[in-house]
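Engineer: Prediction below, plus the sequence it came from.
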Amino acid sequence: MEKNLSPVPWSTPEIRTPVVAASVPATPLASPLALMMTPLASPVKKALSTMQGCLEEVGHFTRLNPQEDWLPITESRNGNSYYAAFHALSSGIGAQVLVLPLAFIVLGWTWGIICLSLVFVWQLYTLWLLIQLHEAVPGTRYSRYLQLSMAALRGKLLALFPTMYLSGGTCVTLIIIGGGTMKIFFQIACEGTASLSSIIIQLSPVEWYLVFACLAAVLSQLPNLNSIAGVSLIGAVSAVTYCTLIWVVSVIRGRPNGVSYSPIEPKPDWAGLYSIFNALGIIAFAFRGHNLVLEIQGTMPSSIKHPSRVPMWKGVRFSYLIIALCLFPMAIGGYWAYGHSIPSNGGMLRALYRYHRHDTSKVLLGLASLLVVLNSLTSFQIYAMPVFDNLEFRYTSNTNKPCPWWLRSCFRIFFASLAFFISVAFPFLPSLAGLIGGIALPVTSAYPCFMWIMIKKPPKYSGMWWLNWALGCLGVILSILLVFGAVWTIVARGIEVNFFKPHSEDMD
């Protein structure tokens, strides 16, 4: 088979062609034992060596399409389980964890913990499915979630919208959260200095968003996904630290006066049901990163003896143990500390400022804000990488040559500018946690189950067949219900929709 050098569209997986000669090892120096061998032994030995070399490559075998070496996700394949853990932690923990206790206001202690545990196990199972599907087809590596979903589900719209929405929408939300928290950090740091405080107050939210977007654009100039492993490590450490810091300080400082855990007042049947769906959407919103798992695994070397799924699963298991140690204490400890008094906008960070601003060290408050900003900056890089990859894919497909460095920089500055514009146009996006969680739920909980069935083709009516059909259908149904519940909650409680008018963040 001839090697195909033409660009391969994303609707098809990475194509490889057998290259037998490249896998034949060099002939070793003759030894006395080899000289005593019969003439027949030499070609047999050579044939066996050739076969062994081929078999080592088969199933995974042979060369990737050259275009893969030009794209930022796959141009470097020297990743390992440590890099995978860094990326998974940075993408899996973020500011969405801070609103998790809001779900317990509706669900209560028992059902809140049960639902959080079930969703955690469910999404960990779908992570395992995605890791196994990365090289489920012999000769193929699905190094992008979009590739796998388009190959399995046979529908571009079903795959493209939620995947790109998660990447682009998350980056927009990170600019809003990071820019607003940056202002709070400087307010704390400059408190007591009249001249600096007046300058900080005069800066508008749009200007803070712009500062954050510029920092993100500068940091995005790192060339590929493997090159940001150190950035992801900083983001992971930042996220774990501020999560632990916030819930520990909240619990140690004690509960404010008037904290209540009593069930919310009864509502009409549909109203109460929609509130529950919105709470489940907030829990679903806390789990993210599935749309990046295949991309992270695509940065690893792989062979039939050492498949990439082994170090990838090792890194993911470690990272999600840490994630569980952050999520569960944040949800339980946060609800214990503040009960129904948790602010709907800002969650635990805003509650910490509001109730413990005067009895907590400025160093701790400022450190918590700074760590949220750092985590937002680093998370922006990994969530923007699929968008950068897609832009460069379009260029390399049309030109059949690598993207020059200056054009790569322009692509990334363009995306950061576009995300900044959307964050200014829709500054209320972080308040839509339940809605965003409902829209993103299929990517996390439903699509991996359907893709397993379509690609692995388990026997009909077997255990895996029933399990994945049940979880996939349940995920789609829940997604629809969560979206309806979130929309009803927004309509019933009201939300201040302020297009192009971001509100100034403060510590109150």
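Structural biologist: Now that the structure is in, tell me what you want to look at.
Engineer: Excluding chain neighbours, what is closest to residue 258?
Structural biologist: Computed as C-beta to C-beta, 6 or more residues apart in numbering, the closest residue to residue 258 that is not its neighbour in sequence is residue 341, at 7.2 Å. All C-beta atoms are positioned from the backbone trio N, CA, C, and that covers glycine.
Engineer: Would you agree that neighbour is in contact with residue 256?
Structural biologist: Yes. If you go by C-beta atoms under 8 Å, residue 341 and residue 256 touch, sitting 6.5 Å apart.
Engineer: what do these two both touch?
Structural biologist: Common neighbours of residue 341 and residue 256, counting by C-beta atoms under 8 Å, 6 or more residues apart in numbering, are residue 355.
Engineer: Can you report phi and psi for the residue nearest to residue 258?
Structural biologist: Residue 341 adopts backbone torsions of phi -90, psi 0, taken as degrees, to the nearest 10.
Engineer: same question, the one 4 residues further on
Structural biologist: Dihedral angles phi and psi of residue 345 (degrees, to the nearest 10) take the values phi -110, psi 110.
Engineer: For the residue nearest the centre of the chain, give me the pLDDT.
Structural biologist: With distances taken as C-alpha atoms, centre = their mean, residue 289 lies nearest the centre of the chain, 2.2 Å away. Looking at residue 289, its pLDDT reads 76.
Engineer: for it, what are its contacts?
Structural biologist: Contacts were defined as C-beta under 8 Å, 6+ apart; by that measure residue 289 touches 88, 91-92.
Engineer: With neighbour count, distance to residue 175 and secondary structure as extra columns, can I get those residues in a markdown table?
Structural biologist: Output for the contacts of residue 289, formatted as a markdown table (neighbours: other C-beta atoms under 10 Å; distance: C-beta to C-beta, whole Å; DSSP: H, G, I helix; E, B strand; the rest coil):
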| residue | neighbour count | distance to residue 175 | secondary structure |
| --- | --- | --- | --- |
| 88 | 27 | 22 | helix |
| 91 | 28 | 16 | helix |
| 92 | 27 | 20 | helix |
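Engineer: about what we covered before: report how many residues lie close to the residue nearest to residue 258.
Structural biologist: By other C-beta atoms under 10 Å, the residues close to residue 341 number 16.
Engineer: and it, what does it touch?
Structural biologist: 256, 258-260, 351, 355.
Engineer: Likewise for residue 359?
Structural biologist: By C-beta under 8 Å, 6+ apart, the residues touching residue 359 are residue 253.
Engineer: so what pLDDT did it get?
Structural biologist: As predicted, residue 359 sits at a pLDDT of 84.
Engineer: The one 10 residues further on too?
Structural biologist: What the model reports as pLDDT for residue 369 is 93.
Engineer: What of residue 174?
Structural biologist: Note on residue 174: pLDDT of 91.
Engineer: again, but for residue 134
Structural biologist: Per-residue confidence (pLDDT) for residue 134: 92.
Engineer: didn't it look like it was pressed against residue 142?
Structural biologist: Yes. Between residue 134 and residue 142 there is a contact under C-beta under 8 Å: 5.6 Å.
Engineer: Between these two, tell me which one has more neighbours.
Structural biologist: residue 142 (26 against 23).
Engineer: for that one, what are its contacts?
Structural biologist: So residue 142 contacts 13-14, 133-136, 148, 151, 294, 298 (C-beta under 8 Å, 6+ apart).
Engineer: Please name the residues that touch the closest residue in space to it that isn't next to it in sequence.
Structural biologist: Using C-beta to C-beta, 6+ apart and skipping the chain neighbours, the partner closest in space to residue 142 is residue 148 (4.0 Å). Contact analysis of residue 148 by C-beta under 8 Å, 6+ apart lists 13, 130, 133-134, 142, 294, 451, 455.
Engineer: quick one: low-confidence parts of the stretch 1-150 of the chain?
Structural biologist: Along the stretch 1-150 of the chain, the model assigns pLDDT under 70 to residues 1-64.
Engineer: Show me the helices in it, by range?
Structural biologist: Listed in chain order, the helices of the stretch 1-150 of the chain (DSSP state H, counting those that start in this stretch) span residues 32-35, 41-57, 81-92, 101-133, 145-153.
Engineer: likewise the stretch 251-400 of the chain?
Structural biologist: Assignment of helices within the stretch 251-400 of the chain using DSSP H, counting those that start in this stretch yields the ranges 269-286, 293-297, 309-338, 347-356, 362-399.
Engineer: Need the phi and psi values for residue 303.
Structural biologist: Per-residue torsions, residue 303: phi -150, psi 170 (degrees, to the nearest 10).
Engineer: burial measure for it, as a count.
Structural biologist: Quick note: residue 303 (other C-beta under 10 Å) scores 12 neighbours.
Engineer: again with residue 160
Structural biologist: 15.
Engineer: can you list the contacts of residue 148 in a markdown table and add distance to residue 229?
Structural biologist: A markdown table is the format used below for those (distance: C-beta to C-beta, whole Å):
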| residue | distance to residue 229 |
| --- | --- |
| 13 | 25 |
| 130 | 20 |
| 133 | 23 |
| 134 | 19 |
| 142 | 21 |
| 294 | 17 |
| 451 | 27 |
| 455 | 29 |
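Engineer: farthest-separated two in those residues?
Structural biologist: 13 and 130 (14.4 Å; C-beta to C-beta).
Engineer: Compare neighbour counts for the two and give me the winner.
Structural biologist: Taking residue 13 and residue 130 together and counting by other C-beta under 10 Å, residue 130 has the greater number of neighbours (25 against 20).
Engineer: which residues does the more buried one contact?
Structural biologist: Neighbours of residue 130 in contact, by C-beta under 8 Å, 6+ apart: 145, 148, 290, 293-294, 448, 451.
Engineer: same thing but 7 Å
Structural biologist: 290, 293-294, 448 (C-beta atoms under 7 Å, 6 or more residues apart in numbering).
Engineer: ok, it to residue 317 distance?
Structural biologist: In this view, residue 130 and residue 317 are 14 Å apart by C-beta to C-beta, to the nearest Å.
Engineer: Then residue 271?
Structural biologist: Taking C-beta to C-beta, one finds residue 271 at 41 Å from residue 317.
Engineer: Those two - which one has more neighbours?
Structural biologist: Neighbour totals were compared for residue 271 and residue 317, and residue 317 leads with 15 against 12 (other C-beta under 10 Å).
Engineer: For that one, list the residues it contacts.
Structural biologist: With contact set as C-beta under 7 Å, 6+ apart, residue 317 has no partners.
Engineer: how close does it get to residue 491?
Structural biologist: Counting by C-beta to C-beta, the gap from residue 317 to residue 491 is 41 Å.
Engineer: swap in residue 229?
Structural biologist: 44 Å.
Engineer: and these two? which has more neighbours close in?
Structural biologist: Between residue 229 and residue 491, residue 229 has the larger neighbour count (other C-beta under 10 Å), namely 23 against 10.
Engineer: could you give the angle of the strand or helix carrying the more buried one to helix 347-356?
Structural biologist: Assessed by DSSP states H and E, residue 229 sits inside helix 229-252. Helix 229-252 and helix 347-356 are oriented at 40 degrees to each other (axes from the mean of the first three to the mean of the last three C-alpha atoms, to 10 degrees).
Engineer: Skipping its backbone neighbours, what lies nearest residue 412 in space?
Structural biologist: Nearest residue to residue 412 in three dimensions, chain neighbours excluded: residue 220, at 4.4 Å (C-beta to C-beta, 6+ apart).
Engineer: my guess is that neighbour meets residue 414, correct?
Structural biologist: No. With contact defined as C-beta atoms under 7 Å, residue 220 and residue 414 do not form a contacting pair (10.7 Å).
Engineer: tell me the phi and psi of residue 343?
Structural biologist: Main-chain dihedrals, residue 343, degrees, to the nearest 10: phi -60, psi 140.
Engineer: Perfect, that will be all.
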